[in-house]
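Engineer: structural data only, the sequence is not supplied:
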């Protein structure tokens, strides 16, 4: 396969990457007491490569931000210590690692909340579908409590503290999770935000929380070590925006003055079929973002290289294939076969489906 563009060097913020194969943030639900385990050290170390970027899994910045069982946080000393083992292991292999900062908002359940209170959201609108509980049971989503205006600075401060803790844990940067129907996107989308104050109504108001949080992260890290993940056309977790181009063109224009390291856009059209066609959503929004752009959404080697060659993005984040292929960059560069992934082991459990996928050498030796 042709992979010249996927394996060209890239300047991403203050970092010089040796290739453009990015590990996407992947929720795996394998933490103990919301602390990353030693098994996670092995998992991330296996997937680290010299000059390669890993975006570590979404981590709640406050206990109120948790929405799934066994997900790591970044709001306690124990969590910082657990993450420090991981960043040390990735750095030992020459890798770069950012942490994705997370608050699930209404995509939570009172069983996760301190004192069993309702989850919070911009508006008291229950999502369709079912929520996890700490025991991995599935129950109907509850109606969240709308945040009071006076509480919103506390949300910004929680992200700021999470950014400080990520710095203490040895990360190279942070990425704000502004996608997939979680709190930041709940404020962005008119479907989930029916506020009438300074955080609702116009695109300017609905974008306000995202920009305030991003500004706080930049104050801690500097813009060249901060990114943001967005899903403009996504409908995950009952999300959806009637005018995504109008909203996200505004968001991108507001992000530009912050001089952040990158924007990470989820492209909803691509599939595992591997077509090298144009990702349509990115075509609509690329003109509004002149900076570094990471694409995600079902890409494999040929389609990823084609997107970079066409200028639609500067790097591509891989999820499921990185789960199953700890040496994914090498496999893509060589055009080697990929291990198939096992969806049954994506979430929860222990080592199986987490750290036991073979690297290329061990796979060849077993044949």
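Structural biologist: Yep, that arrived. Source: prediction; values computed, not measured.

Engineer: ok, and for stretch 306-324, which residues are buried?
Structural biologist: Using 16 or more other C-beta atoms under 10 Å as the test for burial, stretch 306-324 gives 306-308, 310, 312-324. Placement of C-beta: from N, CA and C, glycine included.

Engineer: rounded mean pLDDT for it, please.
Structural biologist: Regarding stretch 306-324, the rounded mean pLDDT is 95.

Engineer: contacts only, for residue 264.
Structural biologist: 55, 175, 227, 228, 229, 230, 293, 294, 296, 317 (C-beta atoms under 8 Å, 6 or more residues apart in numbering).

Engineer: would you say residue 139 is within a strand?
Structural biologist: Yes: judged by DSSP: H, G, I helix; E, B strand; the rest coil, residue 139 forms part of a strand.

Engineer: isn't it right up against residue 130?
Structural biologist: Yes: taking contacts as C-beta atoms under 8 Å, residue 139 lies within contact range of residue 130: 6.1 Å.

Engineer: how far away is the nearest residue to residue 224 once chain neighbours are set aside from residue 141?
Structural biologist: Nearest residue to residue 224, sequence neighbours excluded (C-beta to C-beta, 6 or more residues apart in numbering): residue 13, at 3.7 Å. Per C-beta to C-beta, to the nearest Å, residue 13 is found 37 Å from residue 141.

Engineer: cool, and residue 312?
Structural biologist: 35 Å.

Engineer: same question, residue 349
Structural biologist: 24 Å.

Engineer: likewise residue 357?
Structural biologist: From residue 357 to residue 141 the distance is 33 Å (C-beta to C-beta).

Engineer: how about the strands of the stretch 101-250 of the chain, start to end?
Structural biologist: 120-121, 130-132, 138-140, 145-146, 173-178, 226-230 (DSSP state E, counting those that start in this stretch).

Engineer: run through who's touching the fifth one.
Structural biologist: It refers to strand 173-178. 13, 15, 25, 55, 58, 96, 98-103, 159, 162-163, 166, 184-185, 188, 210, 213-214, 217, 221, 225-230, 261, 264.

Engineer: tell me which stretches of the stretch 251-367 of the chain form strands.
Structural biologist: Using DSSP E, counting those that start in this stretch, the strands of the stretch 251-367 of the chain run over 262-266, 293-296, 315-318.

Engineer: these: which one's closest to residue 126?
Structural biologist: Of all the strands of the stretch 251-367 of the chain, strand 262-266 sits nearest to residue 126, with 23.8 Å by C-beta to C-beta.

Engineer: give me the distance from the closest one to the chain's centre.
Structural biologist: 9 Å (C-alpha atoms, centre = their mean, to the nearest Å).

Engineer: in that strand, what counts as buried?
Structural biologist: 262, 263, 264, 265, 266.

Engineer: among these, which two are most distant?
Structural biologist: 262 and 266, at 13.4 Å, using C-beta to C-beta across the buried residues of strand 262-266.

Engineer: quick one: low-confidence parts of this protein?
Structural biologist: Applying pLDDT under 70 to the chain picks out residues 1-2, 268-281, 362-367.

Engineer: spatially central residue in it, please.
Structural biologist: residue 25 (4.3 Å; C-alpha atoms, centre = their mean).

Engineer: picking up where we left off before, neighbour-wise, which of residue 349 and residue 141 wins?
Structural biologist: Counted by other C-beta atoms under 10 Å, residue 349 and residue 141 do not tie: residue 141 has more neighbours, with 18 against 14.
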